[in-house]
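Peer 1: Turn this into a model:
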Amino acid sequence: MTPAQLAALRDSLPPFADVGLVPAQLQDYCRFYGLDFEARLPRVHHRIGSVTAGPYTLAVQCWLQPGASANLLLVHGYFDHAGLYGKLIEFGLLNNCNVLIFDLPGHGLSSGEPAVIGDFGDYGLATGAVLEAAGPSPDLPLWVMAQSTGCAALVEHARRGSWPFAATVLLAPLLHPRGWKTGRLLHTLARPFKTGLKRKFAPNSSDPQFLDFVRRDPLQSQRLSLVWVSALKRWLADLQLANLGVGPALIVQGDADQTVEWRYNTRAYCELFPNSRIEMLPGAGHQLANEAANIRGAYLAAVTAYAQAAGVPLQARGFAQG
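Peer 2: As a prediction, this is how the structure comes out:
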């Protein structure tokens, strides 16, 4: 798809509550990003629309299936968007879940300056607004999987006192980026003179097809925002590493992650989510949502067992895929 087509889709998103309105560019978008599950999986129904969260208009998508046994919320990471999470969406659908995902402010089809946030609290507010306006089938158990900055969004959601999740899975959670001590100093020196730096596309997955696609993805920001880094610094300075009071999580982390300081981060998240379990993945990079198939298969088996032990009734559907 072209940037112009994606902009037209963004501008034509109906309010999520307006059931039945389908933007003209939606079919092309779903094919381009491999989200055409409505065409590939029987009885799956796709909805897309917008939800307002403060100054932002968020793009929200949901895949529903009759007889679903649970609801799954996915929260993506920095520079990501819903279009890159087809593998996790499919995992949820094949395990008999309705799946809800939204683009964070400044990402994908949501409004906001690309890859910019002024306050990490806005990520938490966005999560709450989506759950309130678009949460599917409230009578079913709800669980959540978040990647990197999406984990920070969940922390902010928890700090606001609302936690509806029966099970929580955190993939390569963000607190300190790799080289954070040096990075803070460089940010302080550069901030008066620059608003951003040219982005380097790191090899954060062992899946070469994903790495090639993301470099060509028209929804990718080409710059690292120093405004975003400033917001991260303020968030970390304000964040108390203490029990959030929302129970434990399954923390999934690759030992080849070159994006975050994972040794520090996993320990810190265990303070926020006491009694959490850490699932280490040898050879896995940061982009766990899009790692190679063998790595995804290993950790998703652990995710399934964890969610089921927490009372989430996952049921393998075994759809015949076209």
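
Peer 1: So residue 274: helix, strand or coil?
Peer 2: The three-state label given to residue 274 by DSSP: H, G, I helix; E, B strand; the rest coil is coil.

Peer 1: tell me, how many neighbours does the spatially closest residue to it that is not a sequence neighbour end up with?
Peer 2: Using CB to CB, 6 or more residues apart in numbering and skipping the chain neighbours, the partner closest in space to residue 274 is residue 243 (5.3 Å). C-beta: built from backbone N, CA, C; applies to glycine. Other residues near residue 243 come to 12 when the count uses other CB atoms under 10 Å.

Peer 1: and stretch 140-157, what's its mean pLDDT?
Peer 2: Across stretch 140-157, the average pLDDT comes to 98.

Peer 1: now the strands for the stretch 101-250 of the chain?
Peer 2: Counting by DSSP state E, counting those that start in this stretch, the stretch 101-250 of the chain has strands at residues 142-147, 168-171, 196-198, 223-225, 250-254.

Peer 1: okay, which residue is most central for the protein?
Peer 2: Nearest to the mean C-alpha position of the chain, counting by CA atoms, centre = their mean, stands residue 76 at 1.3 Å.

Peer 1: Near the nearest residue to that one once chain neighbours are set aside, how many residues? Count them for me, please.
Peer 2: Leaving out its chain neighbours, the residue that sits closest to residue 76 by CB to CB, 6+ apart is residue 150, at 5.4 Å. Using other CB under 10 Å, residue 150 is surrounded by 28 other residues.

Peer 1: now do residue 33
Peer 2: When counting by other CB under 10 Å, one arrives at 19 neighbours for residue 33.

Peer 1: Contacts only, for the residue lying closest to it once chain neighbours are set aside.
Peer 2: Leaving aside its sequence neighbours, residue 33 sits nearest to residue 83 (CB to CB, 6+ apart; 3.5 Å). Taking CB atoms under 8 Å, 6 or more residues apart in numbering, we find residue 83 in contact with 29, 32, 33, 35, 108, 217, 219.

Peer 1: of all those, which comes closest to residue 6?
Peer 2: Nearest to residue 6 out of those is residue 219 (CB to CB; 6.3 Å).

Peer 1: is it true that that closest one touches residue 7?
Peer 2: No - counting by CB atoms under 8 Å, residue 7 is not a contact partner of residue 219; they are 10.3 Å apart.

Peer 1: Between those two, which is the more surrounded one?
Peer 2: Legend: neighbour count by other CB under 10 Å for residue 219 and residue 7, higher for residue 219 (23 against 13).

Peer 1: What's the per-residue pLDDT of that one here?
Peer 2: pLDDT for residue 219: 97.

Peer 1: Contact partners for it?
Peer 2: By CB under 8 Å, 6+ apart, the neighbours of residue 219 are 6, 81, 83, 107, 108, 109.

Peer 1: How about the last one: what's its closest non-neighbour residue?
Peer 2: When you say that, I think you mean residue 109. Nearest one to residue 109, counting by CB to CB, 6+ apart, is residue 59 at 3.5 Å.

Peer 1: rewinding a little: quickly check the contacts of residue 219 for the two that are furthest apart.
Peer 2: Spatially, the most separated pair among the contacts of residue 219 is 6 and 107, at 12.3 Å (CB to CB).

Peer 1: Comparing those two, which shows the higher neighbour count?
Peer 2: A direct count of neighbours by other CB under 10 Å for residue 6 and residue 107 places residue 107 higher, at 27 against 19.

Peer 1: Grab the longest helix from this structure for me.
Peer 2: Identified as the longest helix of the chain according to DSSP state H is helix 293-309.

Peer 1: what's the angle from that helix to strand 250-254?
Peer 2: For helix 293-309 against strand 250-254, the angle by axes from the mean of the first three to the mean of the last three CA atoms, to 10 degrees is 170 degrees.

Peer 1: tell me which residues in helix 293-309 are buried?
Peer 2: Using 16 or more other CB atoms under 10 Å as the test for burial, helix 293-309 gives 295, 296, 298, 299, 300, 303, 306, 307.

Peer 1: Which two of the residues you listed have the greatest separation?
Peer 2: 295 and 307 (18.6 Å).

Peer 1: what about residue 55, how many neighbours?
Peer 2: Neighbour count of residue 55, defined by other CB under 10 Å: 10.

Peer 1: cool, residue 116 as well?
Peer 2: Residues contacting residue 116 under the criterion other CB under 10 Å number 18.

Peer 1: Does it touch residue 106 like I think?
Peer 2: Yes - contact status for residue 116 versus residue 106: in contact at 4.9 Å, counting by CB under 8 Å.
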